[in-house]
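Novice: Mind looking at a prediction? Sequence and model below.
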Amino acid sequence: MKKNGGDIRTCIDYRIAIQPIKLTQYPLPLIDDLLIGFESGLWGVQSVLEAVHKTTGLVPFGEPQPTHEWQNYFDAGEYQFGRLANCLVLGCDCLGKIQYLDATEADEPVLIANAICIHEEDFGTLWKHTDVFTAKGSVRRQRRLVIPFFVTVGNYDYGLYWYFYLDDKIELECKATGIVFSSGLPEGEYDFATEMAPRLGAPCRQHLPSARLDVVIDGNKCHVDELEVRRLPISPETPVGNAFKRVVTRLERESDAQREADNKLGRDWLIASSEKVKRLGRPTGYALYPEGAPLLLAEDDSSIKRVQYATKHLWVTQYARGEMWAAGYTPNRHPGHAGLPAYTKANRSVDGEDIVV
C-alpha cells in the first residue's frame, strides 16, 4: 500500500463501513536457488482497486410464525453500520505490533478511537519445493496484512477483516459473533429453529452481506470473463473419455453479468484489464472466487422484495457516480427492486468499461 498521504482515508460515514481505500499490490520477491527465477524487469506497481465498500447486509428470518415472519433486519444499511464501530483493544481484538486508526463519523463528528487496527501476521507456508536430485529445498513463509473493523448491532457483533497476502491475494472475511437471537419454541419437533435449551431456540435465518469493489486493474477499462471447467464426451478427439477443458465466457452487458456460483463447474470470474497484457499476451487480472453459499432462500413473491441483490452471487455494473448501494440508499424505505436491479435496468456495456463488481 502506498505510504504517501491521501491514499488511505479512515472517516467512517453512517452509511459506509469503511471509506474508500486506494490500493496498489506489489509482486512477490524473487525465488532463487532453484530452477525457478523471475526477471527483475517484471517488477512494478499494479493498480488493483480504487475503492472497496461493505454496502448492505440483510438478516432475513425463515421462521413462519406471525411473531417472526416480519423479521428482516438490514444490519448494514438500516442500522448505521459505521456509527456502531467498536473501539478496539490491544491484546483482545488485536495482537502484536499494531497501528491503530481513529475514525470520525460524518455529519455530527464524533471520534471513534482505535476503530481500525492494522497489523501483519504469519499465515503458514506460501511456497515450498525440494529438488529430488540434489535434495536441496527452499521455502517461503506466507504473511498477510490484516485490517479489521468490528461493529455491534443489537445482539450481533460483526468483524470485517480485509487480508492482503504476499502472493497478491485479497480476501474479505465477515465474522458473525455475539449472541444469537432466541425465542420460545412450541412443544415437540420444530424444523424452523435450533433448540438451545428446553422450549428455547434460535430461529432459522441467513446473513447476506454484500461488498462493492471499484476495480482498476492496470487502468479504468476492464472486463469480466466467466471461467468454468467442463468435461468432454467421448469423441474422435477424446477417445478415452478423460478430457476436460476450461471454458471462457465474456460477460458483455449488465444483463449477462448477473451470475450465480456453481461449484460443480468450478465457476469463478476473472476481472481483467482491457488495456494491458502480460508477456504471454494475456490480460493482467484478478480471479474472484465465490464461496457458493446459498442465496436468498425466501420465495420471489414473499414480503422480502428489497434485497434483490441477494438473488445473485455476482453483479457487474458500469461505474456511475451515486450507484453505491446494493439494496438502494434507504433499503428499508422503498417498495422493492431498488439498488442493483435499478442500476442494471439500462443494460449498459461492461466490456472494456469502467466497471464495479
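Specialist: Alright, I've got the coordinates.
Novice: State the distance from residue 113 to residue 219.
Specialist: Taking Cβ to Cβ, to the nearest Å as the measure, residue 113 and residue 219 are separated by 38 Å. Placement of C-beta: from N, CA and C, glycine included.
Novice: What of residue 84?
Specialist: With Cβ to Cβ as the criterion, residue 84 and residue 219 are 36 Å apart.
Novice: try residue 350
Specialist: For residue 350, the distance to residue 219 under the criterion Cβ to Cβ works out to 15 Å.
Novice: ok, the two, which is more surrounded?
Specialist: For the pair residue 350 and residue 219, the greater number of neighbours falls to residue 350 (27 against 13), based on other Cβ atoms under 10 Å.
Novice: Now the element after the lowest-mean-pLDDT helix or strand in the chain, going C-ward?
Specialist: Least confident element among the helices and strands of the chain, by mean pLDDT, DSSP states H and E: strand 23-25 (a mean of 48). Following strand 23-25 in sequence order, the next helix or strand is strand 46-60 (DSSP states H and E).
Novice: Summarise which helices and strands the following helix or strand past that following strand is packed against.
Specialist: Note on strand 46-60: by DSSP H and E, the next helix or strand toward the C-terminus is strand 72-76. Secondary structure elements in contact with strand 72-76, counted by 3 or more Cβ pairs under 8 Å, 6 or more residues apart in numbering; DSSP states H and E, are strand 46-60, strand 156-165.
Novice: Now do stretch 276-295: distance to the chain's middle.
Specialist: Stretch 276-295 sits 14 Å away from the centroid of its parent chain (Cα atoms, centre = their mean, to the nearest Å).
Novice: Could you pull up the residues touching the nearest residue to residue 205 once chain neighbours are set aside?
Specialist: Of all residues not flanking residue 205 in the chain, residue 61 sits nearest, at 4.6 Å (Cβ to Cβ, 6 or more residues apart in numbering). With contact taken as Cβ atoms under 8 Å, 6 or more residues apart in numbering, residue 61 is in contact with 68, 69, 71, 72, 203, 204, 205.
Novice: The third one - nearest residue in space that isn't next to it in sequence?
Specialist: By the measure of Cβ to Cβ, 6+ apart, the closest residue to residue 71 outside its immediate chain neighbours is residue 61, 4.1 Å from it.
Novice: Residue 76 - how many residues pack around it?
Specialist: Residue 76: 30 surrounding residues under other Cβ under 10 Å.
Novice: Now it: closest residue in space that isn't a chain neighbour?
Specialist: Once flanking residues are discounted, residue 76 sits nearest to residue 57: 3.4 Å by Cβ to Cβ, 6+ apart.
Novice: What score does that neighbour have for pLDDT?
Specialist: As summarised for this prediction, residue 57 has a pLDDT of 86.
Novice: For it, list each beta-bridge partner.
Specialist: Beta bridges link residue 57 to residue 76, residue 209, judged by DSSP bridges.
Novice: now it: how far from residue 74?
Specialist: The gap separating residue 57 from residue 74 is 7 Å, by Cβ to Cβ.
Novice: Next: residue 137.
Specialist: Taken as Cβ to Cβ, the spacing of residue 137 relative to residue 74 amounts to 52 Å.
Novice: Same check on residue 140?
Specialist: From residue 140 to residue 74 the distance is 43 Å (Cβ to Cβ).
Novice: and the chain, what are its domains?
Specialist: The record assigns the chain these domain ranges, following automatic domain parsing: 1-27+54-207, 216-357.
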